[in-house]
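K.L.:
What follows is a predicted protein model with its sequence.
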Amino acid sequence: MKQKLLLLEDDITLSETIVEYLQDKDFEVIQAFDGEEALSCAYETKFDLLLLDVNVPLLSGFEVLKQIRQNQDKTPAIFITSLNSMNSLEEGFNSGCDDYIRKPFALKELLLRVKTILKREYLNKEEIIKIDEQLSFNLSSYELKNRNEKINLNNKELKLLKLFLLNQNELLSHEKIYDYVWDYEEEASDTSLRTYIKNLRKIVGKDRIVSLKKLGYRFNS
């Protein structure tokens, strides 16, 4: 599955250049051109990494990340900026960023920084999540096992289960689920989602996945 990045950059030419380069390196990139748009994207979609220009319209990149962090979202972030003062650098890290890259920069340098942070995040994550005494799920290989026996589910059911396990006890809106489980060019289906939920409940227990009418679903740990 492609790793998903959010790019906040108001320079359209630079944004398109970065997107094209990163897509060629097998990343999925969602673009935002002002701070408020970036904040909305971050609330609606789960990203693997945030790339945030600082001087953008409506909300600065610093303010965007501060609000994201206040929402208990720990998605790693890299600031992209032409600012070079120590005060700016300090403000960036105080906002909760993981790295900083100054304009102008080589695209390869950006790629190296992105890969370094994503690798670190991957190593820090628990790869296998135990659902109960028998069931376990491998976040990397998407393998669901009952003790040592593999349970076969379709790709979207496995993606849905991963989303639930990474966000246990949290309300997931229908929109957030659709965005994570269905690919960009696909049309999400509420009927299919209910079928996937039904199939997962048969495995993990019907009380584990709670439906909150018109709001979404919650996976109870």
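P.N.:
Great, that's in hand.
K.L.:
Find the nearest non-adjacent residue to the residue nearest to the spatial centre of the chain, please.
P.N.:
The residue lying closest to the centre of the chain (Cα atoms, centre = their mean) is F47, at 2.0 Å. In space, and not counting its chain neighbours, F47 is closest to L6: 4.7 Å by Cβ to Cβ, 6 or more residues apart in numbering. C-beta coordinates here come from the backbone N, C-alpha and C atoms, glycine included.
K.L.:
Now do the one you found, the pLDDT please.
P.N.:
The model reports L6 with a pLDDT of 93.
K.L.:
quick revisit: residues contacting the residue nearest to the centre of the chain?
P.N.:
Residues near F47 by Cβ atoms under 8 Å, 6 or more residues apart in numbering: 4-6, 30, 41, 75.
K.L.:
what does V181 give?
P.N.:
V181 neighbours (Cβ under 8 Å, 6+ apart): 156, 159-160, 163, 188, 193, 196.
K.L.:
repeat for L50
P.N.:
By Cβ under 8 Å, 6+ apart, the neighbours of L50 are 5-6, 8, 38, 42, 65, 68, 75-78.
K.L.:
Look at it and give its secondary structure.
P.N.:
strand (DSSP: H, G, I helix; E, B strand; the rest coil).
K.L.:
ditto for R120
P.N.:
For R120, the assignment made with three-state DSSP gives helix.
K.L.:
And the helices in the protein?
P.N.:
Along the chain, the segments classed as helices by DSSP state H run 12-24, 35-44, 61-70, 86-94, 107-124, 155-166, 174-181, 190-204.
K.L.:
Helix or strand, whichever it is, which one in this structure has the lowest mean pLDDT?
P.N.:
One helix or strand of the chain scores below all others by mean pLDDT, DSSP states H and E: helix 86-94, with a mean of 61.
K.L.:
Now do the phi/psi pair for the residue nearest to the centre of the chain.
P.N.:
Phi and psi for F47, reported as degrees, to the nearest 10, are phi -110, psi 160.
K.L.:
Surely L153 and L161 touch.
P.N.:
Yes - contact status for L153 versus L161: in contact at 7.2 Å, counting by Cβ atoms under 8 Å.
K.L.:
So which of the two has more stuff around it?
P.N.:
Shown here are L153 and L161; by other Cβ atoms under 10 Å, L161 has more neighbours (25 against 18).
K.L.:
quick one: contacts for the more buried one?
P.N.:
The neighbourhood of L161, defined by Cβ under 8 Å, 6+ apart, consists of 137, 144, 153, 200, 204.
K.L.:
where are the low-confidence patches of this structure?
P.N.:
Flagging of the chain using pLDDT under 70 yields the residue ranges 83-95, 121-126, 184.
K.L.:
Check the offset of stretch 167-186 from the chain's centre.
P.N.:
How far stretch 167-186 lies from its chain's middle: 10 Å, per Cα atoms, centre = their mean, to the nearest Å.
K.L.:
about what we covered before: and the contacts of F47, which of them are in strands?
P.N.:
4-6, 30 (DSSP state E).
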